[in-house]
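>>> What shape does this take:
(one chain, ligands or ions: 1)
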Amino acid sequence: MERISKREISLSKSHHHHEWSGLRAQKFVQSVEKLIKYRYRPFVKEIINAISKYGVRETPKIVDVGSGPGILLIEIKKIFENCRLIGVDSSKYMLEIAENRVKEQNLKDFAFKLGSAEKIPIEEGQIDVVVCLNSLHDFNDAQQTIKEVSRILINGGLFILKDKNGAYPKWKMRFLFIPLIFKTGLKRTIKYFKSNKLWLDPDQVIQWMSEFGIRKEEVHYKMDYLIIGKRE
Ligand SMILES: C[S@@+](CC[C@H](N)C(=O)[O-])C[C@H]1O[C@@H](n2cnc3c(N)ncnc32)[C@H](O)[C@@H]1O
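A predicted model of the protein is given here:
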């Protein structure tokens, strides 16, 4: 990955973050709604597999950090009825959209909290599973976020994380460029690849996890990496 300075990262992030406004949130939902089948349901499957493999309490509490429009949590609930779901997001617009979706579908056991991933508004040792999709690279401080995830998890709790792989070989990414233009259009494709300066190296993420007492159980290195960790 290209080396970029911390200042560059924070500049590009502050610009980025400014934009999680009402309009951007609306646009985001419109674009990801088409991806429920391709993006969210496969991840739900991986989450449910991990839960059955590593085990959780009977009525587990699941937190989604950077939950956005709440699609992931809603899709989890459709398959795994017996759980309590909490979404945390720093954009009140996103939370509003998520709350409306849950209300429209008449779903129970949901809570949404306005707050930051770096200071999760949940007491320590309460949560069975923390999930996070396409968001860690977007936060201001990924390391601090992992520290917080570790704090809110119970002993033996799971952290299931999926995000863009910053260590994915550039030459492999080139192969994906053309098909992505056909799928999502040129403008969105360029935007997508531009954001790759912010993507994290999964091995770096695993190191932070181990620093804060989350042991790596599984890692899958693709264009999107998947990490399953267990709080010790
Ligand atoms: C790319 S979206 C992904 C949303 C959701 N995980 C999904 O896949 O549909 C990133 C989300 O992270 C939220 N976010 C950005 N920075 C945050 C922070 N520091 N703390 C909490 N949420 C944050 C944004 O408001 C946005 O909803």
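
>>> Kindly confirm my reading that Phe175 is in a strand.
No - the assignment for Phe175, made by DSSP: H, G, I helix; E, B strand; the rest coil, is helix rather than a strand.

>>> Could you tell me how many residues sit around it?
Residues within reach of Phe175, counting by other CB atoms under 10 Å, total 10. Where C-beta positions appear, they are placed from N, C-alpha and C, glycine not excepted.

>>> Tell me how far it lies from the ligand.
24 Å (CB to the nearest ligand atom, to the nearest Å).

>>> Ok, Phe182 next?
Distance from Phe182 to the ligand, by CB to the nearest ligand atom: 22 Å.

>>> What about that residue? Give its phi and psi, please.
phi -70, psi -40 (degrees, to the nearest 10).

>>> Arg151 now?
phi -60, psi -40.

>>> what do you get for Gly157?
phi -70, psi 160.

>>> Please enumerate the helices of the protein.
Along the chain, counting by DSSP state H, helices occupy 6-18, 22-33, 41-54, 71-79, 92-104, 142-152, 170-184, 186-194, 202-211.

>>> so which of these comes closest to Tyr221?
Tyr221 sits nearest to helix 202-211 of all the helices of the chain, at 6.2 Å, using CB to CB.

>>> From the contact counts, what lies against the closest one?
Counting contacts by 3 or more CB pairs under 8 Å, 6 or more residues apart in numbering; DSSP states H and E, helix 202-211 packs against helix 142-152, strand 214-220, strand 224-231.

>>> interface residues of this protein facing the ligand?
Neighbours of the ligand within the chain, by CB under 6 Å from any ligand atom: 20, 32, 66-69, 71-72, 89-91, 94, 116-118, 133-135, 138-140.

>>> Just the buried ones among these, please.
Using 16 or more other CB atoms under 10 Å as the burial test, the residues of the chain next to the ligand include 20, 32, 66-69, 71-72, 89-91, 94, 116-118, 133-135, 138-139 as buried.
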